[in-house]
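Predicted model, plus sequence, below.
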4 protein chains.
Amino acid sequence: MTLRVGVIGTGAIGQEHIHRITNKLTGAKVVAVIDVNKEQVQAVAEKIDAKIYETGHDVIKAEDVDAIIVTSWGPTHEEFVLASIAAGKPVFCEKPLAVTAEGCKRIVDAEIAHGKKLVQVGFMRRYDESYRLLKETIDNQRIGEPLIVHCAHRNPSVPQGLYYGAMPIVDTFIHEIDVLRWLLNDDYVSVQAISPRKTRDAAEDLQDPLMVLLETKKGIRINGEIFVNCRYGYDIQCQVVGETGVANLPEPMSVLMRSEAKLSTDILVDWKKRFIDAFDVEIQEWINDTLKGEVNGPSAWDGYFAAVTADACVEAMEAMNSGKIVPISMPECPKFYL
Amino acid sequence: MTLRVGVIGTGAIGQEHIHRITNKLTGAKVVAVIDVNKEQVQAVAEKIDAKIYETGHDVIKAEDVDAIIVTSWGPTHEEFVLASIAAGKPVFCEKPLAVTAEGCKRIVDAEIAHGKKLVQVGFMRRYDESYRLLKETIDNQRIGEPLIVHCAHRNPSVPQGLYYGAMPIVDTFIHEIDVLRWLLNDDYVSVQAISPRKTRDAAEDLQDPLMVLLETKKGIRINGEIFVNCRYGYDIQCQVVGETGVANLPEPMSVLMRSEAKLSTDILVDWKKRFIDAFDVEIQEWINDTLKGEVNGPSAWDGYFAAVTADACVEAMEAMNSGKIVPISMPECPKFYL
Amino acid sequence: MTLRVGVIGTGAIGQEHIHRITNKLTGAKVVAVIDVNKEQVQAVAEKIDAKIYETGHDVIKAEDVDAIIVTSWGPTHEEFVLASIAAGKPVFCEKPLAVTAEGCKRIVDAEIAHGKKLVQVGFMRRYDESYRLLKETIDNQRIGEPLIVHCAHRNPSVPQGLYYGAMPIVDTFIHEIDVLRWLLNDDYVSVQAISPRKTRDAAEDLQDPLMVLLETKKGIRINGEIFVNCRYGYDIQCQVVGETGVANLPEPMSVLMRSEAKLSTDILVDWKKRFIDAFDVEIQEWINDTLKGEVNGPSAWDGYFAAVTADACVEAMEAMNSGKIVPISMPECPKFYL
Amino acid sequence: MTLRVGVIGTGAIGQEHIHRITNKLTGAKVVAVIDVNKEQVQAVAEKIDAKIYETGHDVIKAEDVDAIIVTSWGPTHEEFVLASIAAGKPVFCEKPLAVTAEGCKRIVDAEIAHGKKLVQVGFMRRYDESYRLLKETIDNQRIGEPLIVHCAHRNPSVPQGLYYGAMPIVDTFIHEIDVLRWLLNDDYVSVQAISPRKTRDAAEDLQDPLMVLLETKKGIRINGEIFVNCRYGYDIQCQVVGETGVANLPEPMSVLMRSEAKLSTDILVDWKKRFIDAFDVEIQEWINDTLKGEVNGPSAWDGYFAAVTADACVEAMEAMNSGKIVPISMPECPKFYL
Ligand SMILES: NC(=O)c1ccc[n+]([C@@H]2O[C@H](COP(=O)([O-])OP(=O)(O)OC[C@H]3O[C@@H](n4cnc5c(N)ncnc54)[C@H](O)[C@@H]3O)[C@@H](O)[C@H]2O)c1
Ligand SMILES: NC(=O)c1ccc[n+]([C@@H]2O[C@H](COP(=O)([O-])OP(=O)(O)OC[C@H]3O[C@@H](n4cnc5c(N)ncnc54)[C@H](O)[C@@H]3O)[C@@H](O)[C@H]2O)c1
Ligand SMILES: NC(=O)c1ccc[n+]([C@@H]2O[C@H](COP(=O)([O-])OP(=O)(O)OC[C@H]3O[C@@H](n4cnc5c(N)ncnc54)[C@H](O)[C@@H]3O)[C@@H](O)[C@H]2O)c1
Ligand SMILES: NC(=O)c1ccc[n+]([C@@H]2O[C@H](COP(=O)([O-])OP(=O)(O)OC[C@H]3O[C@@H](n4cnc5c(N)ncnc54)[C@H](O)[C@@H]3O)[C@@H](O)[C@H]2O)c1
């Protein structure tokens, strides 16, 4: 059986997902596409011989569409996800699930009301080989109970004028927010923010680097560094300190060189290369699960939790260095999502 | 378009290839199978809804079979590959291409006579990510011209009574023989063998470890260690010393741990895990190439070269420690294969 | 010329310093010793043919004693250091300089009044090869201006009943407090403390691990982990994140092994081995400087700064998780110490 | 007690040894010096207030000289060592002990005839921390019995016109020859040489890189790479493959950096820095041993064995690529040296 997929939003990542479904993955076929950019969707549709619809809602309603992928702009996600639930169709929605916590909550409520899980959110780090190895190490009790996490998200640079304010949280740290909850199998309860000395490479409207201190229900402390003008490379670090040992996220595979007075491996510069394989695994597993009528990836609840946490982080950031501890308040996780 | 594949030999690796084509890869479908073990082939065929034939030749001739995979026992390979060429069908043959150099030569001759490349040999290391990164490093001139290769093939252990005599060459080192030619883009001209002190873990009928010294046309010296009872793990090492630097084959990705007074990463023990991804890439690329009417993987010529080299290595091994230098004599590579 | 040294306190570290001066270092000789433990000092004196005095003050006054080493219990340090200053004799005092910040201040005042630097404090990490390499890297601007420091002080275990309360600060983190000021060439302005989930291996009277967040004058943020029941080894980590790169404290030299399915180096378990060479360098440089009439090591001011910082850290620890930011208030550094 | 040392030859290394004895080490004093370069020896003597003699023999005979250090040109070593033995005085002789195997043999015979060990040869690698750690690992049976050694001696470059012919053996590999015998606690029985593709950076009169294959009594095979124009740094590698594991010579301590898209540590370029600490340890231990009337360092026998081995290596090098296996013939080691 082949999963017939409709894609809403054929921009950068939409096209990438279409490409991987068509050329690299198995079990699915993109049969329907839509984008407000008509020229672009035309070009995309031609290459894969898919039908173009008028609106996202038409795609969702189309009889020959089994499942939806939402890769349009963030503010449109909620609407299309709700419509998919209404239509009873499985939907993979790129992050964010919705641009507000309330929006996410509405999706959670709708899905529970529908009575069956349909929604998966595009937090691809959970599919990354290095994170999976790290999680396996923790789950196998090789370091005992986790107590502290030191992590860092470093980009070589960000475009001035296009990246500012709360973006270190909502655009960058959002991935740590989701993946660490999953990694630790734990929830957040509070957050604090601290601003280190600012790099000369950061624009005026950006605090860079930034330190975010999260506390979990079990008492684990996460000290998260976000440094988006670090110059030297795209570098995702994660060190988990447990009761009996410490485990580090593996570095991407690289040739160990002896050259020019250095013993070295390469660090990536282009962020796209870091999680490219994770996207493949993510979509393949989504296809497989969907064909079986299951949702096993990041759920609407996870998307909601990430949104609430991000809001608290932004609040903490706005009060940074004041010692203010912002609570992260979530209702109990409904049985539906356990 | 979907490539319709017929598989001859549904033993261990045959089943693995069928599984990956069916569940993980895209663009192909196994439609025909055959094995002398009737019960086994029955079970395999059922799961994937493929037709069972009487003989390999029937599979090759079947109208709805576009391409052949040969995964029967080594001694049967030559016959099925020749038949595939005769039928004008693309054929992927697990190593060895044939059990003698003469057999390989017959395939080369038949393929040239046929006038179009059809044969690919299952040397999967060329598809391994770590080898590809190493080759890229060399090809990008990051270490200048290669001068020396230090490599090691280490297994934790081998079954006594089942692994002996020349098997370190024909079963184990054969992969280095192929992959280093490809890595260095060079051919071999001679070989010598040396026996180090034997480990107490080796059976009487086995020289373990063994050192094989290969010389290439360009004068590169390869010093190959084969150590199949090394106890500590399955470990494939390759260090290329060039004019301006040294490059090492990356280690498989692993979590860096601090635990029990050690800073460590895990070394694999099970060889199957080491190249599992490489097999996926290998077969996917073979499917893609075959659909385009191309053969870009290890050719019949490569299979022939490997066979001749292995024969010379065995001869050197039989004269080990005598200083005997065994020439590796091959005709010029026909234009057909350049 | 040979420096004639008098040692006050011939306990564990006193004997070690005597041993190194006598057998490993050059330029000095221990001629006078004293300890309230008469039996012990007798045994020590005999081995090196030194004169035993009645009190520390007698050692300080002795005509043939050029310089003093104070290795008695902490609460006695202030008295002997003040007496040494009064006698105009150079004095090396093991940490702490005094057990209260006020005591340190009295020493600073006395030394300034005396008009010439005489006092050096035993912060030996500044003499450790790995810290020196790290400082060199920073000073050579290889990572640009430092912005963040992630550091960890991990012990395999501490004796229950003997290590509790504020000891993670005053006994353990005190070394980080001094060495990071020196490393960064910066002063502290405030501190905050956070308690991560507690390890099951910690006694009731101990918060372990503990996180201490220091802020420097230049705005650098130090996130210090103190974990004294980490089980796996004695491990001192320090990572400095700068504007253009990140530098890590080198690990102690160790053989890289492949064994038992692990690629590993050893981590020390015994803390004594970690800085044993640093003590040699420290005392040798102190001898050399003293012979030249100089003090170039950690000064009385450094000892005072460490004491004030430790007090603030303890205050922060007592208010941990409250968000309380404790200021670290020091007068301007007098010209005398610049 | 202070050892009164006479130094014959105050060139580069002579001055270095004088400097370390005077300023860094303990237990000795240079009281007598001589060099055929009168101006130079004058300058050296003044700084340390030592007496200048007319000839090396005068130094050896001087009543107030307890022990001799020979750091003159190689061809003069034998004469001064024999004279020291004749005078019954301990002598530390920089490598080579003598420029011919016969010369070394005469020294061995003289020392045996004298009846007491007096001679130590300047093979300083045995005192290097990294080699000591490696030896400890082997001696503690952490890798089982050694079977193979892969080692490399790489220099960034050598001066054209000054380094040629057999110098890769006699000037460079000579250190491996001694240190590996000590490391493995084994003797050599044969050698073979192979020339890899030559680097374009090597002069016409130099085979670079070069591979030397040594066999030991126990059957261990050493595959030694000598590459003196490797460009990238001064790099000493040694990997010992044992029955249960593999141990690698530790790299010199260095800061792990993330910078300019590389995760790197520095490789030394200046060879002088690599073993500078080893020289200190070597001379200090020689002083200590000499004061106790012992010789525990590399003996005259070791110097003799190195000379015979080097001669065989040179013979193998002259017949390289012929498959010629040159025996290394030594008499049984006399009890005197066991
Ligand atoms: N998981 C990740 O790491 C990751 C990476 C990249 C992007 N994303 C997410 O994917 C989404 C898309 O990002 P992108 O980089 O592809 O952006 P993009 O701007 O390249 O593409 C978005 C496309 O959506 C189309 N679109 C907008 N509104 C629409 C509507 N109402 N109906 C139909 N089409 C509409 C636009 O015309 C555009 O072509 C964003 O939410 C982004 O956060 C996630
Ligand atoms: N590239 C690699 O690393 C790799 C790994 C494993 C196996 N191989 C190669 O694959 C081949 C198969 O190995 P395997 O481990 O699967 O062995 P296997 O014994 O498990 O399977 C071989 C199968 O071929 C069948 N067979 C034998 N003769 C036949 C014939 N004439 N017609 C039809 N079927 C026949 C057998 O009944 C058996 O089921 C071998 O040549 C082996 O060298 C390569
Ligand atoms: N820099 C470091 O890492 C480091 C390491 C160990 C100890 N220290 C410091 O060194 C000091 C000594 O520590 P230790 O481990 O050697 O302790 P210790 O108890 O082994 O020795 C202290 C000695 O001082 C003697 N003493 C006490 N009061 C005296 C007095 N009034 N007059 C003469 N002698 C007196 C005691 O009898 C004892 O022998 C402490 O301040 C400790 O903090 C520093
Ligand atoms: N262990 C090592 O790694 C190492 C390193 C460097 C040198 N060495 C050895 O040390 C020796 C000296 O090397 P160097 O680099 O100092 O050379 P150098 O040329 O700098 O010094 C040798 C000195 O010996 C003097 N000399 C020569 N003949 C003499 C004689 N008959 N009497 C007195 N003095 C005489 C010369 O005038 C010169 O000053 C050599 O044998 C060299 O192989 C060993």
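Nice, thanks for sending it over. Ligands and ions are numbered 1, 2, ... in the order given.

Could you point out the longest helix of chain A?
helix A:300-318 (DSSP state H).

buried sites along that one?
Neighbour-count burial for helix A:300-318 flags A:300-317 (criterion: 16 or more other CB atoms under 10 Å in any protein chain shown). Just so you know, the C-beta spots here come from the backbone N, C-alpha and C atoms, and that holds for glycine as well.

Quick check: which helices or strands does it pack against?
helix A:101-114, strand A:119-121, helix A:174-184, strand A:188-194, strand A:210-216, strand A:326-327 (3 or more CB pairs under 8 Å, 6 or more residues apart in numbering or on different chains; DSSP states H and E).

Out of those, which one sits most buried?
Across the helices and strands packed on helix A:300-318, averaging neighbours per residue (mean count of other CB atoms under 10 Å in any protein chain shown) puts strand A:119-121 on top, at a mean of 28.

what is the mean pLDDT for that strand?
For strand A:119-121, mean pLDDT rounds to 98.

next one: it to chain centre, how far?
Mean-position distance between strand A:119-121 and its chain equals 11 Å (CA atoms, centre = their mean, to the nearest Å).

so what secondary structure elements neighbour that strand?
Using 3+ CB pairs under 8 Å, 6+ apart, strand A:119-121 sits against helix A:77-86, strand A:91-93, helix A:300-318.

now these in CSV, with mean pLDDT?
Formatted as CSV, those follow (pLDDT from 0 to 100):
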stretch, mean pLDDT
helix A:77-86, 98
strand A:91-93, 98
helix A:300-318, 98
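
quick one, which of those is nearest to residue B:143?
Counting by CB to CB, residue B:143 lies closest to strand A:91-93 out of those; the figure is 43.3 Å.

Tell me the strands beside that closest one, with direction?
Sheet pairing here is set by DSSP bridges, and for strand A:91-93 it gives strand A:67-70 (parallel), strand A:119-121 (parallel).

need the helix or strand of chain A with the lowest average pLDDT.
helix A:271-274 (a mean of 94; mean pLDDT, DSSP states H and E).

Now do the buried residues in that one.
So, applying 16+ other CB under 10 Å, buried residues of helix A:271-274: A:271, A:274.

For the next helix or strand after that helix, which helices and strands make contact with it?
Downstream of helix A:271-274, the first helix or strand assigned by DSSP states H and E is helix A:276-291. Packing contacts for helix A:276-291, counted by 3+ CB pairs under 8 Å, 6+ apart, involve strand A:3-8, helix A:12-23, helix A:129-139.

Determine which stretch of these is the most buried.
Highest mean neighbour count among the helices and strands packed on helix A:276-291 (mean count of other CB under 10 Å): strand A:3-8, a mean of 26.

Is any residue of that one near chain B?
No: if you take CB under 8 Å from any CB of the partner chain as the test, strand A:3-8 misses chain B, and the best it gets is 12.9 Å.

hmm, who's touching that strand?
A:14, A:17-18, A:21, A:27-35, A:50, A:53, A:56, A:59-60, A:62, A:64-72, A:76, A:80, A:287, A:290-291 (CB atoms under 8 Å, 6 or more residues apart in numbering or on different chains).

what lines up beside that strand in the sheet?
Strand A:3-8 pairs in its sheet with strand A:28-34 (parallel), strand A:67-70 (parallel), by DSSP bridges.

Does it reach ligand 1?
Yes: Strand A:3-8 is in contact with ligand 1 by CB under 6 Å from any ligand atom, via residue A:8.

quick check, the least confident helix or strand of chain A touching chain B?
No: counting by CB under 8 Å from any CB, chain B has no neighbours in helix A:271-274; the shortest distance is 12.1 Å.

counting contacts, what elements does that helix pack onto?
Against helix A:271-274 (3+ CB pairs under 8 Å, 6+ apart) you get no helix or strand.

Run the chain-centre distance for that helix.
Worked out by CA atoms, centre = their mean, helix A:271-274 lies 14 Å from the chain centre.

repeat for stretch A:147-154
That offset, for stretch A:147-154, works out to 17 Å (CA atoms, centre = their mean).

same deal with stretch A:203-223?
Taking CA atoms, centre = their mean, one finds the center of stretch A:203-223 at 17 Å from the center of the full chain.

okay, the helices and strands packed on helix A:276-291 in CSV with mean pLDDT and distance to residue B:120 next?
Output for the helices and strands packed on helix A:276-291, formatted as CSV (pLDDT from 0 to 100; distance: least, CB to CB, whole Å):
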stretch, mean pLDDT, distance to residue B:120
strand A:3-8, 98, 31
helix A:12-23, 97, 20
helix A:129-139, 98, 27
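
is it possible to export the ones you listed to a markdown table including distance to residue C:206?
Output for the helices and strands packed on helix A:276-291, formatted as a markdown table (distance: least, CB to CB, whole Å):
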| stretch | distance to residue C:206 |
| --- | --- |
| strand A:3-8 | 56 |
| helix A:12-23 | 49 |
| helix A:129-139 | 25 |
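
out of these, which comes closest to residue D:270?
helix A:129-139 (37.3 Å).

quick revisit: now the strands paired with strand A:3-8 in TSV, with mean pLDDT?
Shown next, in TSV, are the strands paired with strand A:3-8 (pLDDT from 0 to 100):
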stretch	mean pLDDT
strand A:28-34	98
strand A:67-70	98
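
Any idea which of the ones you listed gets closest to ligand 1?
strand A:28-34 (5.4 Å; CB to the nearest ligand atom).

picking up where we left off before, how about the helices and strands packed on strand A:119-121, which one is nearest ligand 2?
strand A:91-93 (35.8 Å).

Would you tell me whether the closest one gets close to ligand 1?
No: under the criterion of CB under 6 Å from any ligand atom, strand A:91-93 makes no contact with ligand 1; the nearest approach is 8.4 Å.

Could you check how far residue A:256 is from chain B?
4 Å (CB to the nearest CB, to the nearest Å).

near chain C, which residues of chain A?
When proximity is defined as CB under 8 Å from any CB, chain A approaches chain C at A:144-148, A:150, A:152, A:192, A:194-201, A:209, A:211, A:213, A:216, A:218-221, A:223, A:225, A:227, A:230-232, A:241, A:243-246, A:321-325.

give me every residue that touches the residue nearest in space to the middle of chain A.
The centre of chain A sits closest to residue A:123, judged by CA atoms, centre = their mean, with a distance of 2.7 Å. Applying CB under 8 Å, 6+ apart, we find residue A:123 in contact with A:95, A:175, A:178-179, A:182, A:297-298, A:302-303, A:306.

residues in contact with the residue in the stretch 201-338 of chain A that ligand 1 sits nearest to?
With CB to the nearest ligand atom, the shortest gap between the stretch 201-338 of chain A and ligand 1 falls at residue A:275, namely 6.7 Å. Neighbouring residues of residue A:275 by CB under 8 Å, 6+ apart: A:124-125, A:128.

From residue D:234, how far out is it?
39 Å (CB to CB, to the nearest Å).

touching ligand 1 at all, stretch A:285-299?
No: Stretch A:285-299 stays clear of ligand 1 (CB under 6 Å from any ligand atom), getting no nearer than 10.3 Å.

Flag every buried residue along that stretch.
A:285-291, A:295, A:297-299.

can I get those in CSV with pLDDT and distance to ligand 2?
CSV is the format used below for the buried residues of stretch A:285-299 (pLDDT from 0 to 100; distance: CB to the nearest ligand atom, whole Å):
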residue, pLDDT, distance to ligand 2
A:285, 98, 27
A:286, 98, 31
A:287, 98, 28
A:288, 97, 26
A:289, 98, 31
A:290, 98, 33
A:291, 97, 29
A:295, 98, 37
A:297, 98, 33
A:298, 98, 36
A:299, 98, 40
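
need those in a markdown table with distance to residue D:103, can you?
Shown next, in a markdown table, are the buried residues of stretch A:285-299 (distance: CB to CB, whole Å):
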| residue | distance to residue D:103 |
| --- | --- |
| A:285 | 74 |
| A:286 | 78 |
| A:287 | 79 |
| A:288 | 77 |
| A:289 | 80 |
| A:290 | 83 |
| A:291 | 83 |
| A:295 | 83 |
| A:297 | 77 |
| A:298 | 77 |
| A:299 | 82 |
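
Show me how chain A divides into domains.
A:3-121, A:127-269+A:305-337 (automatic domain parsing).
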